[in-house]
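**Q** could you work out the structure for the sequence below:
(chains A and B)
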Number of protein chains: 2
Amino acid sequence: ESVTSIDEEVAKLLELKAQLGGDDGKHQFVLKTAKGTRDYNPKQMAIREKVFNTIIGCFKRHGAETIDTPVFELKETLTGKYGEDSKLIYDLKDQGGELLSLRYDLTVPFARYLAMNKITNIKRYHIAKVYRRDNPAMTRGRYREFYQCDFDIAGQYDAMIPDAECLKIVHEILSELDLGDFRIKVNDRRILDGMFAVCGVPDEKFRTICSTVDKLDKMAWEDVKKEMVNEKGLSEEAADQIGEYVSMQGGRDLAERLLQDPKMSQSKQACAGLSDIKLLFSYLELFQVTDKVVFDLSLARGLDYYTGIIYEAVLTQAGESVSVGSVAGGGRYDGLVGMFDPKGRKVPCVGVSIGIERIFSIMEQKAEASAEKVRTTEVQVMVASAQKNLLEERLKLVTELWNAGIKAEVMYKKNPKLLSQLQHCEESGIPLVAILGEQELKDGVVKLRVVATREEVRSIHSAHIMFVLSHTDTQICLDSNETLKVCM
Amino acid sequence: ESVTSIDEEVAKLLELKAQLGGDDGKHQFVLKTAKGTRDYNPKQMAIREKVFNTIIGCFKRHGAETIDTPVFELKETLTGKYGEDSKLIYDLKDQGGELLSLRYDLTVPFARYLAMNKITNIKRYHIAKVYRRDNPAMTRGRYREFYQCDFDIAGQYDAMIPDAECLKIVHEILSELDLGDFRIKVNDRRILDGMFAVCGVPDEKFRTICSTVDKLDKMAWEDVKKEMVNEKGLSEEAADQIGEYVSMQGGRDLAERLLQDPKMSQSKQACAGLSDIKLLFSYLELFQVTDKVVFDLSLARGLDYYTGIIYEAVLTQAGESVSVGSVAGGGRYDGLVGMFDPKGRKVPCVGVSIGIERIFSIMEQKAEASAEKVRTTEVQVMVASAQKNLLEERLKLVTELWNAGIKAEVMYKKNPKLLSQLQHCEESGIPLVAILGEQELKDGVVKLRVVATREEVRSIHSAHIMFVLSHTDTQICLDSNETLKVCM
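**A** Down below sits the predicted model:
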């Protein structure tokens, strides 16, 4: 019904727009990106590259392959996968071919890919942009175009081993990115469903009550309870019973205790989930990650397609345990691929999505606060001249350097001032300048200057520069005998 | 007029579709990607990553930064930039906000980015997907979604220095990718325009005659001439004069000769272009790339926005000089940024686009033909067990390896057969297996096996494996004393 009313609203607005003259009327050209989107400048890209390298490094360490899918899918591929959120899907204009929509996440295209290619086993990561016509809150890192960064394991395996590896991966990535302390909450859809059943929630209210429970990380229990009772029509007793369970947190011990719980143990589903939580924790101990993992009965997660284990990682501010937002999440979805298979053949899947946009924001803030400048290029040496009319000589030397694989730059001016060449180095963090002058050319040498210290060596053959630079990516400095050496 | 007729056609078809029941009628669900698009499987991604690394390595060697822009732009940002090709732009459905279109190339978003941020100097690369509602010819590597890979230098600099660097970059990339012999054709829009003027082409026919000249790489001169005379209404004499010029190819010497040409020298524009070609070649000599560069008066290139130097790289089949298609192209476009600036301030730009999709196709064919298997993961070692009930031990060891930064895998089964573990290694090219058995566990050691040679060392401490593997990415083998060594 809400979809219909939105459609009506849109139709009304479009009519108004048409009356205003629409595209035919003259209007001021606006220089901007589309609402909810942004450009990445070179500094943001440098940070993005660093974060991606860490994450991809971890995925590769765990033996993942990667795939890519088109940015749009047939509209019907996305239909019926996102529940109420379907209204946020971007559709392409019908220009006379197939009806297309921009992908809303990477999980549904992954499931489509598996079914289409009849793949029953794969461990893959996929990093790409997805699209949601959401109300952008860009200051909080929420965009209409944003990256998702997914790792999934598909295949029929022994219980909880791939699930545990997903949590190991979250642990490794968040540790390596050094974002501060974090916690990984774990729960199971079957435990939630079992809990709802034994607390007396009617079957048809499971999903909606579940999405109310999901608000517990942003709302107090009192308000969540109000929503359950007043808006969702749940009995007060049922709500109170749920309230007792969802306040529980622990580890393997909690799962064991709940397996003995007179009410909870009545639900077969809940018992299956609790046994799996126990098994999961035994593997997490072997993976050495239990320090950060918490079994938390209040974790619900919104998406319809989860069928088993679910998890979410949150950063915790130093000292307090106030959550500053989710930075990773995922779970098991054993039914999704089957929705695409003509014969309904299932491929069990478990995966995790790294909240890369929030991580970008944090890294950007850290870079902003830090004294260290973010370099946007990797240039090792600038080829400069001290006198006029040395363009030819500069181009010759920079060619030698490029051909030797050295990252080098030259200014695109016939006669640049030495000062402006040096300034460029300081601005962009280039560590070395190779300076050509008439005397150096006569002697067949190059003057090499370390930008940071202003130290200089007068007579270096260009072959020497190349030898040193091509054998290291690190900075060069001079020792006391004015000899070049590598500073690690 | 052709746009209007297409619109009419689309409207007719949409009506037919509506009559058929459209989305409301029951229809067979089709499991496919949108027309003209494709998924990349892990093998294709491995090849793609290799090609990107080479290209990005070159861009970074030349000191380029990188930026990213959203996949869609305001519709009006793209309006009026692509001439007749505008009909190929994908529009998003009007869902009640801004009117949006998918980007058609990376150059227009780049110009929008520069104008919007008032940037007057940048050297940047951008690798991303672009979208064209073209008739896909996927067997020839033409898609509706495809990568562009652009390098551009924006800024007011001395003539031809950045232009020459673009050609140097094309030369480096094509050499390094080892695609076979290639040639880079160079021309200048001003030479073409001057040539049309002195040959008696009316001003208003410059663009259309230019696009006919552009077909010379696919059509014989006779057919091109016919099109000029019969379809475009050019006089036969004018066509013949053009025919003489466009058959000319050479180097700096040809530019010099044409500067003396009685007819050509009457055009100021042509002379400016010819002088720049001369200057360009002098820089190309210093960059050591003249072996592949040819001044070719038949090179036209379609896009409206070029204002000076234009170029295109083609692969030439060994022996013959038959072109197998363009793999890079670009030129100078000094007016595009000004189209976005409210005050029309110009930012001179020159750039090159690497034809990455065609290069992918060639690399895929090469991989297909080669005996060597393309690895889709980088796993160094598989942790396996020879007996039952060793899952705990396997998980412990693989954790040690992951924590030491080693790329390692373990099968997600409680009791996998040794054979199936070894088979997995052979299939995915994992060079080493660390095998755990009861005897090894008693002795506190691990058996290490080289998959390719089946050599084994019986007693290695896991710390030893970690030491060796974490100090190299290369393969390990055993020497005659059954000691591990690194094989380079």
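**Q** okay, which residue is most central for chain A?
**A** A:Ile356 (2.1 Å; C-alpha atoms, centre = their mean).
**Q** from what I can see A:Phe196 touches A:Tyr245, true?
**A** No - counting by C-beta atoms under 8 Å, A:Phe196 stays clear of A:Tyr245, with 9.6 Å between them. Where C-beta positions appear, they are placed from N, C-alpha and C, glycine not excepted.
**Q** out of the two, name the residue with the larger neighbour count.
**A** A:Phe196 (26 against 21; other C-beta atoms under 10 Å in any protein chain shown).
**Q** double-check that that one belongs to a strand.
**A** No - going by DSSP: H, G, I helix; E, B strand; the rest coil, the assignment for A:Phe196 is helix, not a strand.
**Q** in the stretch 151-300 of chain A, what residue comes closest to chain B?
**A** Residue nearest to chain B within the stretch 151-300 of chain A (C-beta to the nearest C-beta): A:Tyr157, separated by 3.6 Å.
**Q** how near is that residue to A:Ala164?
**A** Counting by C-beta to C-beta, to the nearest Å, the gap from A:Tyr157 to A:Ala164 is 11 Å.
**Q** the residue nearest to the centre of chain A against A:Asp150, yeah?
**A** No - assessed by C-beta under 8 Å, A:Ile356 is found out of contact with A:Asp150, at 9.9 Å.
**Q** can you get me a residue count around A:Asp134?
**A** By other C-beta under 10 Å, the residues close to A:Asp134 number 14.
**Q** hmm, I typed the wrong one, I wanted A:Ile354.
**A** For A:Ile354, the neighbour count with other C-beta under 10 Å is 28.
**Q** quick check: it vs A:Cys149, distance?
**A** Distance of A:Ile354 to A:Cys149, given as C-beta to C-beta: 4 Å.
**Q** shared neighbours, these two?
**A** Taking C-beta atoms under 8 Å, 6 or more residues apart in numbering or on different chains as the contact criterion, the common neighbours of A:Ile354 and A:Cys149 are A:Ile55.
**Q** ok so, going back, out of A:Tyr157 and A:Ala164, which sits in the more crowded spot?
**A** More crowded of A:Tyr157 and A:Ala164, by other C-beta under 10 Å: A:Ala164, with 25 against 17.
**Q** returning to that earlier point: residues that sit against both of A:Ile356 and A:Asp150, list them.
**A** Jointly contacting A:Ile356 and A:Asp150 under the rule C-beta under 8 Å, 6+ apart are A:Ile127.
**Q** what's the closest non-adjacent residue to A:Asp105?
**A** The shortest distance from A:Asp105 to any non-neighbouring residue, by C-beta to C-beta, 6 or more residues apart in numbering or on different chains, is to A:Val130 (5.3 Å).
**Q** for the strand or helix carrying that neighbour, packing partners?
**A** A:Val130 is part of strand A:122-131, with elements assigned from DSSP states H and E. Strand A:122-131 is packed against helix A:42-61, strand A:65-66, helix A:107-116, strand A:145-154, with contacts defined by 3 or more C-beta pairs under 8 Å, 6 or more residues apart in numbering or on different chains; DSSP states H and E.
**Q** as TSV, the ones you listed with mean pLDDT and mean neighbour count would be great.
**A** Formatted as TSV, the helices and strands packed on strand A:122-131 follow (pLDDT from 0 to 100; neighbours: other C-beta atoms under 10 Å in any protein chain shown):
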stretch	mean pLDDT	mean neighbour count
helix A:42-61	97	18
strand A:65-66	98	22
helix A:107-116	96	23
strand A:145-154	97	23
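**Q** what residues does the stretch 101-250 of chain A have near chain B?
**A** Counting by C-beta under 8 Å from any C-beta of the partner chain, the stretch 101-250 of chain A comes close to chain B at A:102, A:112-113, A:115-117, A:122, A:124, A:129, A:131, A:133, A:145, A:153, A:155, A:157-158, A:161-162, A:165, A:168, A:172.
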